[in-house]
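J.: pasting the structure only:
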């Protein structure tokens with residue numbers, strides 16, 4: 001009979017990272033109390049069904065994060081972040097990455113842009129001696145609920161966040177910045193959303209397209225509104241009246257985008273369909289590609305598609321996706337530099353930092 005205490009780890013995942021994340025979560029949730037001794041290495045090997053080298057790599061990451069300390073001859077002991085002082089002040093070297101629980105979160109959309117951003121920020125935090133933790137902002141919660149008594153040096157609010165969280169953060173005078181969102185009382189870091197969308201549509205127009213549709217993300221998002229503005233400006237400059245049937249809602253996801261395109265194909269006569277589609281994210285573009293293929297519509301021979309974000313999957317879909325690239329590495333570097341600079345104090349100024357975007361031409365657009 002299988003030991004119920006043993007952990008089942010996905011075969012394709014780097015095992016030491018999984019062990020590291022599991023123990024890290026238990027420390028943050030106080031399943032392991034401060035100064036509590038972790039199981040010995042041989043016990044961890046049995047619990048996770050791995051060799052000692054794998055366990056040691058996981059423990060090394062936890063030491064680097066300041067979450068455990070090794071005591072010669074005794075073992076590994078927890079240094080819980082909850083042992084710090086208050087909600088973000090003092091000597092804490094922990095940073096909190098907060099997202100809403102919606103279709104665009106890391107949990108619900110793990111292949112999308114924000115997942116890559118989280119890992120890039122985690123890497124930058126590690127280089128500067130900080131640990132990154134993830135939390136979900138539910139509408140019914142407060143900021144104190146998600147902090148949960150732990151000590152954080154700063155908070156990164158990513159994409160759309162219910163406004164009461166941002167207002168509470170300002171009231172508590174906690175160091176924080178917004179990423180992929182804008183809030184009047186915080187420093188905000190965003191891609192060149194409007195410019196990127198404008199460039200995408202101008203590129204399609206340069207290839208002869210005038211009947212250009214758009215797949216939007218959730219309209220609560222700052223980036224959705226900015227990308228719609230870029231699309232609208234490019235269409236206006238060419239004197240092209242926007243067709244309301246061509247403005248579709250994709251909610252940032254593969255499935256919603258696919259459904260929106262299928263609905264378009266079912267409701268608009270074939271001769272009146274757009275010849276090109278700009279999608280506000282690559283994940284939605286990939287969903288659109290799937291819908292067109294289902295109806296035997298050739299890409300790019302019959303319809304051209306441009307995405308936004310340049311996620312890894314954009315190079316692996318067929319045809320390879322033309323898209324607007326955002327420099328995720330630069331965004332992560334700027335975000336971590338700013339939040340570390342704000343640690344221990346509240347930035348009283350509010351300003352917007354734009355991360356450059358650029359067109360990446362691949363195979364999903366054809367001249368007409």
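T.: Done, it's in. The model shown is predicted, which means the values in this text are computed figures rather than measured ones.
J.: can I assume residue 242 is in contact with residue 234?
T.: No. The criterion here is Cβ atoms under 8 Å, and residue 242 misses it with residue 234 at 10.5 Å. Where you see a C-beta, it was placed from the backbone N, CA and C, and this is true even at glycine.
J.: more neighbours: which of the two?
T.: Each of residue 242 and residue 234 had its neighbours counted (other Cβ atoms under 10 Å), and the higher figure belongs to residue 234 (21 against 14).
J.: nearest residue to that one other than its sequence neighbours?
T.: residue 201 (3.7 Å; Cβ to Cβ, 6 or more residues apart in numbering).
J.: pretty sure residue 135 is touching residue 95, no?
T.: No. Contact criterion Cβ under 8 Å: residue 135 and residue 95 do not qualify, at 10.9 Å.
J.: next, the closest residue to residue 220 other than its chain neighbours: secondary structure please.
T.: Distance criterion Cβ to Cβ, 6+ apart; nearest residue to residue 220, sequence neighbours excluded, is residue 160 at 5.0 Å. At residue 160, secondary structure determined by DSSP: H, G, I helix; E, B strand; the rest coil is coil.
J.: if you count contacts, what does the host helix or strand of the residue nearest to residue 234 end up packed against?
T.: According to DSSP states H and E, residue 201 maps onto helix 193-206. Here helix 193-206 is seen to pack against strand 212-216, helix 222-237, strand 276-279, strand 304-309, strand 322-326, strand 357-360 when contacts are counted using 3 or more Cβ pairs under 8 Å, 6 or more residues apart in numbering; DSSP states H and E.
J.: low-confidence stretches in the protein?
T.: Applying pLDDT under 70 to the chain flags the ranges 1-13, 80-91, 103-105, 107-111, 344-348.
J.: test my guess that the residue nearest to residue 234 contacts residue 235.
T.: Yes. Using Cβ under 8 Å, residue 201 is in contact with residue 235, at 6.6 Å.
J.: who's more crowded, those two?
T.: Higher neighbour count among residue 201 and residue 235: residue 201, with 26 against 21, using other Cβ under 10 Å.
J.: helices of the stretch 251-368 of the chain, residue ranges please.
T.: Ranges of helices within the stretch 251-368 of the chain are 254-267, 282-294, 328-342, based on DSSP state H, counting those that start in this stretch.
J.: nearest to residue 118, out of these?
T.: helix 328-342 (9.0 Å; Cβ to Cβ).
J.: give me the domain ranges for the protein.
T.: Domain assignment for the chain, taken from automatic domain parsing, gives 15-83, 94-190+328-355, 193-326.
J.: so for residue 364, which of those domains sits nearest?
T.: Closest to residue 364 of those, according to Cβ to Cβ: domain 193-326, at 4.6 Å.
J.: ranges for the strands of the stretch 51-200 of the chain?
T.: Using DSSP state E, counting those that start in this stretch, the strands found in the stretch 51-200 of the chain span residues 68-71, 75-78, 94-100, 131-137, 154-158, 176-179, 187-191.
J.: quick one: the ones you listed as a markdown table, columns for mean neighbour count too.
T.: Formatted as a markdown table, the strands of the stretch 51-200 of the chain follow (neighbours: other Cβ atoms under 10 Å):
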| stretch | mean neighbour count |
| --- | --- |
| strand 68-71 | 15 |
| strand 75-78 | 18 |
| strand 94-100 | 24 |
| strand 131-137 | 19 |
| strand 154-158 | 26 |
| strand 176-179 | 26 |
| strand 187-191 | 23 |
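J.: possible to save the ones you listed as CSV with distance to residue 357?
T.: As requested, the strands of the stretch 51-200 of the chain are exported to CSV (distance: least, Cβ to Cβ, whole Å):
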stretch, distance to residue 357
strand 68-71, 40
strand 75-78, 43
strand 94-100, 21
strand 131-137, 24
strand 154-158, 18
strand 176-179, 15
strand 187-191, 5
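J.: which one of those lies nearest to residue 297?
T.: Nearest to residue 297, of the strands of the stretch 51-200 of the chain and by Cβ to Cβ, is strand 187-191 at 29.7 Å.
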